[in-house]
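> only geometry, no sequence info:
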Ligand code: SF4
């Protein structure tokens, strides 16, 4: 195996391990804040259990949630990186090995015959999102996406004439409909424009942004705040048992739209927001960006 | 809101004490079952075949765990709840046929299950979705696995547990269902939020 392949494979296994066992600091902080400020008793019980669980997972080195998700990679690839064609294969191998070693739950099922492949790989899975960047570094992010929160992700082709009101309504309705299913409190990615696929792609990608980091676009920052306040007035609460924390944060992105369409997408991430990022430099050194690694 | 600690097998009398919003911890035996295990159990009952384990007074846990073999022993690595609504089509018959007292899961269940719980004396305990490490810690021993041919997540895992919880009693045996109440509240609040944002219906 050539060296970049090996480095990518080892790094991806580490990222998967970090992601499923240890939540990013921003997520832990948001959950702690939710616990401290939750007003419903059942909601507080649930948030306490979440915090205890996070600590326990770190102490015992076991996955924070048993559904270790569908494995998705976001790769920013420096155009000058050698052997780019080998990376996808290395990521697939990493997924297979990590499934055995950590272990991860095998979550890749053939849709036609219903058989589980047993190793988290299958056609198009793990999925790799590519972005070509200048330079010769690789940045790899893994998102292990839970099924319960995935099942309520929704794309809507809204009426352009309703404008932003239509979007707000769509987001609120989607959260009501999701109810207790995605293990609230969740993180919401919201995107508009582009097309059905582009909107969902952007909404999901918005989930990668750390909580508490305001959107650099002031218009969107305002919209995020407004949407967050609105959905948290619904009273669905932690695990749908009632309370004020249904959503921990809303992240918005957008693309230009066709005059006749207003695609909108709402992506949910679990409170167990499992993501991890590393940068691989040309000299083969690796830096983990989301987690402290000894 | 009261906290209860019950040992299996749980009696109907004890179950009837629980009210929604109470917190419950279980010590004893709980058995995992998801869609396929529910379906097979009901088929077996219909054919008059005995299940590999008597579920009377026990808790059924909607869970697809990660279980690892260490030597010849199984160890539960992660065992959080799965979404219960998928089992809604089976659960009333399941409670009726097998006499389970507690159904553990996440996300809640519907009218049919709520009615069966009232009729036969059972509750729904919401275990924190995703809290797999917490659940695994309370699992002291994997006593057996049955129906492993259904695959690891779908098999019947028989767990011996100690103070398994916290379970928020979300459906009690008196016909109360928190999830229904919350859904109604959310509907009402939605209208207010629309008005506040100046959005028409
Ligand atoms: S919705 Fe997310 S947190 Fe809940 S069980 Fe599924 S993967 Fe875990």
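Perfect, I can see it now. Everything numeric in this text was worked out from a predicted model, so none of it was measured.
> residues near residue A:147, how many?
Neighbour count of residue A:147, defined by other Cβ atoms under 10 Å in any protein chain shown: 16. All C-beta spots, glycine's among them, are computed from the backbone N, C-alpha and C.
> who touches the closest residue to chain B within chain A in this structure?
Using Cβ to the nearest Cβ, the closest approach of chain A to chain B is made by residue A:183 at 3.2 Å. Taking Cβ atoms under 8 Å, 6 or more residues apart in numbering or on different chains as the criterion, residue A:183 is in contact with A:146, A:148-149, A:239, A:270-272, B:106-107, B:128-130.
> cool, residue A:53 as well?
Counted by Cβ under 8 Å, 6+ apart, residue A:53 has contacts A:64, B:128, B:130-134.
> Nearest to the ligand: which residue in chain B?
Closest contact between chain B and the ligand, by Cβ to the nearest ligand atom, is at residue B:130 (2.9 Å).
> if I pick that residue, what's in contact with it?
Shown in contact with residue B:130 (Cβ under 8 Å, 6+ apart): A:50, A:53, A:64-67, A:146, A:183, A:270-272, B:80.
> Once you drop chain neighbours, what's closest to the residue of chain A closest to chain B?
residue B:129 (3.2 Å; Cβ to Cβ, 6 or more residues apart in numbering or on different chains).
> can you list the contacts of residue A:53 in CSV and add distance to residue B:45 and pLDDT?
Shown next, in CSV, are these (distance: Cβ to Cβ, whole Å; pLDDT from 0 to 100):
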residue, distance to residue B:45, pLDDT
A:64, 36, 93
B:128, 31, 96
B:130, 32, 91
B:131, 31, 94
B:132, 30, 89
B:133, 34, 90
B:134, 32, 93
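> now, which of those lie within helices?
Counted as lying in helices by DSSP state H, out of the contacts of residue A:53, are B:132-134.
> any low-confidence regions in the stretch 1-150 of chain A?
Scanning the stretch 1-150 of chain A for pLDDT under 70 picks out A:1-2.
> Is chain A within reach of the longest helix anywhere in chain B?
When chain B is scanned for its longest helix (criterion: DSSP H), the result is helix B:178-197. Yes - residues of helix B:178-197 contacting chain A under Cβ under 8 Å from any Cβ of the partner chain: B:178-179, B:181-183, B:185-187, B:189-190, B:192-194, B:196-197.
> neighbouring contacts of that helix?
The list of residues contacting helix B:178-197 from outside it, by Cβ under 8 Å, 6+ apart, reads A:42, A:165, A:168-169, A:172-173, A:176, A:179-180, A:226, A:230, A:233-237, A:240-242, B:20-21, B:107-109, B:114, B:126, B:168, B:170-171, B:200-201.
> repeat that for 6 Å
A:168, A:176, A:230, A:233-236, A:240-242, B:20, B:108, B:170 (Cβ atoms under 6 Å, 6 or more residues apart in numbering or on different chains).
> Considering these, which possesses the most neighbours?
Of these, with other Cβ under 10 Å as the count, residue B:170 tops at 33 neighbours.
> Can you list the strands that the helix or strand where residue A:77 lies pairs with?
Using DSSP states H and E, residue A:77 falls within strand A:70-78. Paired neighbours of strand A:70-78 in the sheet (DSSP bridges): strand A:127-133 (parallel), strand A:138-145 (antiparallel).
> ok, and for the shortest one, which residues are buried?
Burial within strand A:127-133, assessed by neighbour count using 16 or more other Cβ atoms under 10 Å in any protein chain shown, is assigned to residue A:128.
> What is the three-state secondary structure of the most centrally placed residue in chain B?
Residue closest to the average C-alpha location in chain B (Cα atoms, centre = their mean): residue B:104, at 1.7 Å. At residue B:104 the chain is in strand, as set by DSSP: H, G, I helix; E, B strand; the rest coil.
> what's the helix or strand harbouring residue A:34 packed up against?
Assigned by DSSP H and E, residue A:34 belongs to helix A:25-37. On a contact count with 3 or more Cβ pairs under 6 Å, 6 or more residues apart in numbering or on different chains; DSSP states H and E, helix A:25-37 meets helix A:41-60.
> wait, does the helix it packs on make contact with the ligand?
No - Helix A:41-60 lies apart from the ligand when judged by Cβ under 6 Å from any ligand atom; the minimum separation is 9.1 Å.
> wait, residue A:143 sits on residue A:72?
Yes - here residue A:143 reaches residue A:72: they are 4.7 Å apart, a contact under Cβ atoms under 6 Å.
> Tell me which of those two has more neighbours.
Taking neighbours as other Cβ under 10 Å, residue A:143 and residue A:72 compare with residue A:143 leading, 23 against 17.
> For the more buried one, list each beta-bridge partner.
residue A:72, residue A:275.
> Tell me how far it lies from residue A:187.
11 Å (Cβ to Cβ, to the nearest Å).
> out of the residues of helix B:178-197 next to chain A, which are buried?
Among the residues of helix B:178-197 next to chain A, those classed as buried by 16+ other Cβ under 10 Å are B:178-179, B:182-183, B:186, B:189-190, B:193-194, B:197.
> quick one: residue A:226 is in a strand?
No - the assignment for residue A:226 by three-state DSSP gives helix, which leaves it out of any strand.
> Near residue B:86, how many other residues are there?
Residue B:86: 16 surrounding residues under other Cβ under 10 Å.
> Of the contacts of helix B:178-197, which is the nearest to the ligand?
Once Cβ to the nearest ligand atom is applied, the member of the contacts of helix B:178-197 that ends up nearest the ligand is residue A:240, at 11.3 Å.
> Poorly predicted segments of chain B, please.
B:201.
> got the residue ranges for the strands in it?
Residue ranges of the strands in chain B, as given by DSSP state E, are B:3-7, B:23-32, B:59-61, B:66-70, B:73-78, B:102-105, B:123-127, B:139-146, B:156-171.
> again, but for the stretch 151-294 of chain A
A:154-158, A:186-192, A:247-254, A:262-269, A:275-280, A:286-288 (DSSP state E, counting those that start in this stretch).
> For the closest residue to chain A within chain B, give me its contacts.
Closest approach between chain B and chain A, counting by Cβ to the nearest Cβ: residue B:129, at 3.2 Å. By Cβ under 6 Å, 6+ apart, the contact list for residue B:129 reads A:183, A:239, B:106.
> ok, which residues in chain A are in contact with the ligand?
A:65, A:67, A:69, A:146-149, A:182-183, A:270, A:272.
> before we move on, back to that, give me the angle between the longest helix of chain B and helix A:41-60.
Interaxial angle, helix B:178-197 versus helix A:41-60 (axes from the mean of the first three to the mean of the last three Cα atoms, to 10 degrees): 100 degrees.
> and the angle from helix B:178-197 to strand B:123-127?
60 degrees.
> Return the distance of helix B:178-197 from the chain's centre.
26 Å (Cα atoms, centre = their mean, to the nearest Å).
> between that helix and strand B:156-171, how big is the angle?
Using the same axes, to 10 degrees: helix B:178-197 against strand B:156-171 is 50 degrees.
> List the beta-bridge partners for the residue nearest to residue B:171 when sequence neighbours are not counted.
Closest residue to residue B:171 apart from its sequence neighbours, by Cβ to Cβ, 6+ apart: residue B:124 at 3.7 Å. Following DSSP bridges, residue B:124 is listed with bridge partners residue B:103, residue B:171.
> Any residues of chain A in contact with chain B? List them.
A:41-42, A:45-46, A:49-50, A:52-53, A:56-57, A:62-63, A:65-66, A:105, A:116, A:148, A:165, A:168-169, A:176, A:180-181, A:183, A:230, A:233-236, A:239-242, A:272 (Cβ under 6 Å from any Cβ of the partner chain).
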